[in-house]
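Q: sequence unknown, structure follows:
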């Protein structure tokens, strides 16, 4: 039954649905509120961008060697230029920097190899990156072997130290994290409670108290006469702290594996370690990679805290350079440079983890 | 013939190390023994080391006079007070910056998170830029930036930045007018509390009435008027019993008013801005987790847009948002310990810093400091479990 027989009036054809004008209308000026928001946004952008670009590029001074080369109208990148080697290598002796460069090169090659999906021999490269490379890097950086002069750890610093702290913390935390995660899922009550207490303890306290503990309390724990290098103390603290977070990521990955997998392996007569090592962990670790990358990003950012216990990581060395009486008053330049370096690393890692998440998701869609 | 793996011929017992239950007991006993031996070893070493350094263990030092001043304290404190009181001062300062940080981070985070989902292209891009910038720069660097590069380079007291001649910002901090309460002021907060209680009662009554009869009054508006209007009315009626102590430049510094130290400002700004970036992502993913069908179904019921959000999307999104949100709050409180890097007198800076250095009681001081953070974590995770149980989907 038709109640209303009058037709709706014909509407005029839409004036413009394609092209830049239509896009602007749909996305920026679709109503009075939207128009207002756009204008406010443009104004904020103007307020932020114009002075920043003028400071960082147009009025900036790029070349020179001393502060006299800076006009002080814009950024003085001369400061960063003059200190660049220090920011990257810390106080590592200039003549030995080639050793640090080899380690840097190997590090980035390995990362790239593991990150690019098409390259072969992933498993062997991963084993080398986790076991062989750290040993080689230690021998190269520390020296004392093969006629390489020793470089004591207090001369290590800058971006090199930041990367070193984050990677060693990560590589050390991975096995501990796996053991803790398996322990937390165990049926044995004592094992489970030890793991829960351990994980919740480290997750509940701030990293800075952990580092304080490592630098103040660790010497008390050891028999008198044994002293541990400051860098090693920081590494122990970072690793234990990180392993608790890693354990939670791994536990999440383990929970995502259907129970049937483990039951099927048990039905084939596999022992616990075979079930875990051959069936559950390989599947779970693959799914955990985005989570692991995310915890790595936060570890990478958190390594800046080691400057509080007197190590000179990238931020620490920038901060130290700022108090140089020849270069007073360039804190903005120093912080912007350090922030830029950290941002590049963290942003690319987070993009990679998002890419992995998308890639891994498709395989598990039902 | 059916094979049942668990039945064995009578009288045959499995070898001891093949019996899983017994193996588990032995393994756990060994583990416990190993942990115990490890602890004994450490405790023994600690005792040896402490006696070698002439430090007596115990919490007696908490009653000794501290002898150092603290720039900001919420309770009365002077250098004549005890180390125990420095603990309290530090704890309160931590809670102050943590609490205010949580409020600011939530506000910024929700605004940015919702802006990221805005149909306005520019607004969404600005929000994304905010998140990606602040999330990927270490917090300590941001604290240094705000403290050393912004607040420490402000003009001196004489050339302060003035906001309306009542608020002043200079290198020594932010100077705000301080309200001084005269007699009869107590009536205003009392009215405020009464108004809040009345509003809650009104909202409950309105809800019950709506469920029973389908009729409703605009209770939200009425309660807003009650909560803000009534105290205002009383204030005017009692002849405004507040005078403002406005900061004034005398000599080289400001006198009067209320001073916010730059350390607090830097820490608070950095913590809020950094955590807000994470909260914004949580809010965005929480809202996106609600399937579009929910919105469409609500629109099909011809609910207006604000009700679609308020009654359908937000209640479901909150279930997704709250657990990660609480862990961000926890992170914020733990991160407030970075205060020590710029000298804001929080728990770690005052107690695990100055007090530890003066007394040398490393074990006790670090244990107390860690205990505070552990307690906060436990309380928050207890709340989270309670909340999760409360809002969990009741499935068939």
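A: It's in. Fair warning: this is a prediction, and the values are worked out from it, not measured in the lab.
Q: wait, a strand at residue B:270?
A: No - when classified by DSSP: H, G, I helix; E, B strand; the rest coil, residue B:270 is found to be helix rather than part of a strand.
Q: roughly how far apart are it and chain A?
A: 12 Å (C-beta to the nearest C-beta, to the nearest Å). Bear in mind the C-beta positions are built from the backbone N, C-alpha and C, glycine included.
Q: helices of chain B, start to end?
A: B:20-53, B:83-116, B:121-135, B:139-144, B:187-213, B:219-237, B:262-289, B:292-300, B:305-307, B:314-335, B:347-349, B:356-359, B:362-391 (DSSP state H).
Q: and the third one with chain A, contact?
A: When you say that, I think you mean helix B:121-135. Yes - Helix B:121-135 lies within reach of chain A by C-beta under 8 Å from any C-beta of the partner chain, at B:121, B:122, B:123, B:126, B:132, B:133, B:135.
Q: and residue B:132, how many neighbours?
A: Per other C-beta atoms under 10 Å in any protein chain shown, the neighbour tally for residue B:132 reads 17.
Q: I'd say it and residue A:348 touch.
A: No - the criterion here is C-beta atoms under 8 Å, and residue B:132 misses it with residue A:348 at 11.4 Å.
Q: flag the shaky bits of chain A, pLDDT-wise.
A: A:1-4, A:14-17, A:361-366 (pLDDT under 70).
Q: quick one, what contacts the residue most central in space within it?
A: Residue closest to the average C-alpha location in chain A (C-alpha atoms, centre = their mean): residue A:297, at 2.3 Å. Taking C-beta atoms under 8 Å, 6 or more residues apart in numbering or on different chains, we find residue A:297 in contact with A:346, A:349, A:350, A:353, B:136.
Q: the third one contacts residue A:296, doesn't it?
A: Pointing back at residue A:350 there. No - in terms of C-beta under 8 Å, residue A:350 does not count as a neighbour of residue A:296; the distance is 10.1 Å.
Q: out of those two, which sits in the busier spot?
A: residue A:296 (21 against 17).
Q: grab the nearest non-local neighbour of that one.
A: residue A:170 (5.5 Å; C-beta to C-beta, 6 or more residues apart in numbering or on different chains).
Q: check residue B:287 too.
A: That would be residue B:317: by C-beta to C-beta, 6+ apart, it lies 4.8 Å from residue B:287.
Q: and whatever helix or strand the residue nearest to the centre of chain A lives in, how far out from the chain's middle?
A: Assignment of secondary structure by DSSP states H and E places residue A:297 within helix A:281-302. Centroid separation between helix A:281-302 and its chain, computed with C-alpha atoms, centre = their mean, to the nearest Å, is 10 Å.
Q: mind checking how far residue A:116 is from residue A:127?
A: Residue A:116 is 18 Å from residue A:127, where distance means C-beta to C-beta, to the nearest Å.
Q: of these two, who's got more company?
A: Legend: neighbour count by other C-beta under 10 Å for residue A:116 and residue A:127, higher for residue A:127 (12 against 9).
Q: break chain B into its domains for me.
A: Domain segmentation of chain B under automatic domain parsing yields B:19-53, B:83-177+B:246-391.
Q: average pLDDT across the first one?
A: The reference is to domain B:19-53. What domain B:19-53 shows for mean pLDDT is 85.
Q: and the residue nearest to residue A:296, helix, strand or coil?
A: At residue A:170, secondary structure determined by three-state DSSP is helix.
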